[in-house]
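K.L.:
what follows is a predicted protein model with its sequence.
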Amino acid sequence: MPPSAFNAWLANMKASGLARSDAQCAKALGISTNSVVSMKKRGADLRTALACRALLHRLEPYNG
């Protein structure tokens, strides 16, 4: 996930009312706010990209 896509995801989370800040997005992903800062500059891996999509589409965790 390139940095531009990660930054767009952050904006979409805020615009949709699912988060009010980068810190809330970090909490939803289960990562630190420092990791969000890093991903804004360097992008994110596939696992994080998939989690971002799931959160934006309000999917619940898979429980089998």
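P.N.:
Yep, it's here.
K.L.:
pull up the distance across stretch 24-41, start to finish.
P.N.:
18 Å (CA to CA, to the nearest Å).
K.L.:
also stretch 49-64?
P.N.:
21 Å.
K.L.:
contact partners of that stretch?
P.N.:
Stretch 49-64 has contacts (CB atoms under 8 Å, 6 or more residues apart in numbering) with Met1, Ala5, Phe6, Trp9, Asn12, Met13, Ser16, Leu18, Ala28, Leu29, Ala44. Where C-beta positions appear, they are placed from N, C-alpha and C, glycine not excepted.
K.L.:
can you classify the last one as helix, strand or coil?
P.N.:
Of the three states, Ala44 takes coil under DSSP: H, G, I helix; E, B strand; the rest coil.
K.L.:
and it, how close does it get to Leu18?
P.N.:
17 Å (CB to CB, to the nearest Å).
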